[in-house]
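1. Sequence and predicted structure below; questions after.
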Amino acid sequence: MTDCIFCKIINKEIPSSVVYEDEKVLAFLDITQTTKGHTLVIPKIHVQDIFELSEETAADLFSRIPKIARAIEKSDPAIKGMNILNNNREAAYQTVFHSHVHLIPRYDDQDDFS
Ligand code: 5GP
Ligand code: ZN
């Protein structure tokens with residue numbers, strides 16, 4: 001989709017800090033770092049939200065999450081845990097309408113949740 005910011009990130013039309021990439025998914029740092037290492041994982045095809053996600057694309061997206069979570073966890077010994085979040089539609093606080101999963105590392109010294 002031409003006016004989708006995440007499609008532009010996939011196509012490298014706008015820059016991002018890539019955490020992981022393969023033929024099906026891209027993981028990159030969220031521009032707003034809720035905590036250090038806050039990462040978004042997206043399918044490479046444009047799908048608005050969970051309600052539009054096919055089983056195949058869902059499998060592509062969610063099957064990568066543990067591997068990416070482990071890579072983030074290994075990158076910083078201060079990481080003590082991780083929240084995994086998926087917002088769907090405006091009523092659920094989705095603001096970018098290309099399906100994505102938030103990986104939010106948690107640290108002992110960052111107790112706020114936002
Ligand atoms: P949502 O609220 O839809 O679940 O999350 C969308 C996320 O996308 C937000 O956390 C926001 O900071 C992030 N975001 C929005 N625009 C950009 C961008 O241009 N680059 C990156 N890296 N993240 C973005
Ligand atoms: Zn898109």
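-> That came in fine, so what should we check first? Residues are numbered from 1 along each chain as shown. Ligands and ions are numbered 1, 2, ... in the order given.

2. need the contact list for Lys44.
-> Residues near Lys44 by Cβ atoms under 8 Å, 6 or more residues apart in numbering: Ile10, Glu23, Lys24, Val25, Leu26. Just so you know, the C-beta spots here come from the backbone N, C-alpha and C atoms, and that holds for glycine as well.

3. That one and Phe6: what is the separation?
-> 10 Å (Cβ to Cβ, to the nearest Å).

4. cool, and Lys80?
-> Here Lys80 is placed at a distance of 29 Å from Phe6 (Cβ to Cβ).

5. of these two, who's got more company?
-> The neighbour count for Lys80 versus Phe6, taken as other Cβ atoms under 10 Å, is higher for Phe6 (22 against 13).

6. The more buried one should be in a strand, yeah?
-> No - read with DSSP: H, G, I helix; E, B strand; the rest coil, Phe6 is helix and lies in no strand.

7. Name all residues that make contact with the closest residue to it other than its chain neighbours.
-> Nearest residue to Phe6, sequence neighbours excluded (Cβ to Cβ, 6 or more residues apart in numbering): His98, at 3.8 Å. For His98, the contacting residues are Met1, Cys4, Ile5, Phe6, Cys7, Ile42, His46, Val47, Gln48, by Cβ under 8 Å, 6+ apart.
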